[in-house]
Structure formats: C-alpha cells, structure tokens
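>>> okay, predicted coordinates and the sequence, questions at the end:
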Amino acid sequence: MPSNEHRPTERVLDILELLSTNGNGMTLTELSKALNAPKSSIMPLVHTMTSRKFIYMNQENLKYFIGIAAFSVGSSYTNHIDALEFIKSEMKHIVSESNETCQLGIQNQSNLLYIAKEDSDEPIRLVSYVGKQLPLYCTAIGRAILADMEPDEIYALYPDGLKAFTPHTITEWPLLLAELKETRKRGYAIEHEESTPDVHCAGISLRNNGHIFAALSVSIPSFRFSVEKLDFVIQLLKESKKTLETSFQNCHIDLSSLS
C-alpha cells in the first residue's frame, strides 16, 4: 500500500479497513502480509488499538476483529444520518403545509452552506440546490445563525465589508447589527429580496445542547407573498424547531460531517 501521508496513522487506518472487510478476522501474520509490513512494526499499533478497544483478539484462534470503540465511532456517523433524515421529514411537513420550498443550512466559515432542500409542487419556486453557498448576512437562514454571535465575531468573518447581491441587500454594519438584534428578540430571521430578487425568506435556528448546529428556512416568491403567509410560515418553523430540538435532547448532532 503506497503511502504519502503519516505512515503510523495510515497503517492504523489500513488495519481498521482490513478488519472491517474481513468478517472472519485476521491474525497478526495475515495483517503483516496484507500491509507488506514487518510484524514488529505493526505490533505496537495493534497493541494500542486493542487496549483502546478499537480492535480485539480472539484468544482461541489469535485473530483480530473490529472492536466496540470502532463500532461506536461508526454508529455516531449513522446517528448523524438518522438526524438528517428526521430533519428532512419535518421539512417535508413544512412544505406540505406551506407549499413553499424549505431548506436546511449550516455555517461554513463566513458562508451559509445548503445541505438539504425540499421543493414544493408549485411550478414557479426558488431555484437553488444542495451545496450552494451564500454569505450568512444576506439570507434569513444565515442571519438565524449570525444572531447568536457577538459583533466582533461577525466583523471578523467579513473583513472587507458587506457586499450587495441585490439592491435590497443590507451592506451597512449598523443596519445589519440592528437586524440581528431584532432577530434575537423575535426568535426568527427574515429577509426580503436581499440574496435573490423577488424572493422573501424566513429562517429559524436549530439548537443542540445550547449551540446552533443548523438552521431552517422557507422561501416565498413575491407574487405569493403576504404578511399572513409569512406569519403562517414562521409558525410552522417554530413548531418544527420545537419538535426537532426536543427530539435531539441528550444527543450530539454535528451535520458538518455530512456536508
């Protein structure tokens, strides 16, 4: 196995990969041959991995198998996938009630990264896609995240100032900070045609163990927008926020590992 990285670390990962694909286990000699490495060089790694329960040895046949610690790490990733699927089910509910597009996003440095989207059945709707990134400050979903930060943290994200994406984008710091203060006060963020012309958005943060891990938004085209519809969408977002945060209590959620 050619190596262009840290050799001991690479061999630890190679051992885990080999054992994960060999259900009958492997002896030290078999591992040595598969890795093309002397037993003396991999023995310390195997010993440490065994003591940390990432692998274990069957005393009867001296074969090594994947251990409980490795299973726990893998289960953690599965839990994040399950969490995302649960969030998507709430997004589908929001879409079915509002008939508008719902998106899920996380912070990626100074940007908002969309990691999930549920479209409505309307022929005219928001054009966006999973993987799209926009600055946090000009989207409702991004502002729901920024509202939890101190001004100095926000300044540091945009050392060159705030760029306009439409004629309606807030580009002055006092106005943005005032809007974020209002977002904290009311518990949700709104944005009117600041990132996309003729589109209005409402966004709300999702917390896990006191920290924001993502945010949800609903986008409404101008020709379907009304104060009444905005209020209805905000209520849907609040209900989903309560459902999701209650369900995720005592869990650790980090959706960045899935982006």
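Happy to help now that I have it.

>>> which parts of the stretch 151-259 of the chain are strands?
Under the criterion DSSP state E, counting those that start in this stretch, the stretch 151-259 of the chain contains strands at 189-192, 199-208, 211-221.

>>> okay, those strands in JSON lines with mean pLDDT, distance to residue 147 and mean neighbour count next?
Every residue, glycine included, has its C-beta placed from N, CA and C. Shown next, in JSON lines, are the strands of the stretch 151-259 of the chain (pLDDT from 0 to 100; distance: least, Cβ to Cβ, whole Å; neighbours: other Cβ atoms under 10 Å):
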{"stretch": "strand 189-192", "mean pLDDT": "94", "distance to residue 147": "7", "mean neighbour count": "22"}
{"stretch": "strand 199-208", "mean pLDDT": "93", "distance to residue 147": "7", "mean neighbour count": "23"}
{"stretch": "strand 211-221", "mean pLDDT": "92", "distance to residue 147": "9", "mean neighbour count": "24"}
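
>>> turn the ones you listed into TSV, columns for distance to residue 118.
Supplementary listing: those in TSV, determined by distance: least, Cβ to Cβ, whole Å:
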stretch	distance to residue 118
strand 189-192	19
strand 199-208	14
strand 211-221	10
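
>>> break this structure into its domains for me.
Using automatic domain parsing, the domain parsing of the chain gives 7-66, 77-258.

>>> give the closest residue to residue 158 in space, chain neighbours not counted.
residue 110 (6.1 Å; Cβ to Cβ, 6 or more residues apart in numbering).

>>> mean neighbour count, the domains of the chain: which tops it?
domain 77-258 (a mean of 17; mean count of other Cβ atoms under 10 Å).

>>> so what's the gap between that one and the chain middle?
Distance, stretch centre to chain centre, for domain 77-258: 13 Å (Cα atoms, centre = their mean, to the nearest Å).

>>> worst-scoring helix or strand of the chain, pLDDT-wise?
Counting by mean pLDDT, DSSP states H and E, the chain has its least confident helix or strand at helix 68-98, which shows a mean of 74.

>>> contacting residues around stretch 192-200?
Applying Cβ atoms under 8 Å, 6 or more residues apart in numbering, the external contacts of stretch 192-200 come out as 126, 134, 138-139, 165-166, 168-170, 190-191, 201, 219-223, 225, 230.

>>> would you mind measuring the gap between the ends of it?
Using Cα to Cα, to the nearest Å, one end of stretch 192-200 lies 4 Å from the other.

>>> same check on stretch 187-202?
Stretch 187-202 has an end-to-end distance of 11 Å (Cα to Cα).

>>> now do the same contact list for the residue of the chain most remote from its centre.
Farthest-out residue of the chain from its mean C-alpha position, per Cα atoms, centre = their mean: residue 60, at 43.7 Å. Listed by Cβ under 8 Å, 6+ apart, the contact set of residue 60 is empty.

>>> tell me which element it is part of?
Under the criterion DSSP states H and E, no helix or strand holds residue 60.

>>> do you know the pLDDT at it?
Model confidence at residue 60, given as pLDDT, is 83.

>>> quick revisit: the residue nearest to residue 158 and residue 181, how far apart?
According to Cβ to Cβ, to the nearest Å, residue 110 stands 20 Å off from residue 181.

>>> residue 166 now?
For residue 166 relative to residue 181 (Cβ to Cβ), the value is 23 Å.
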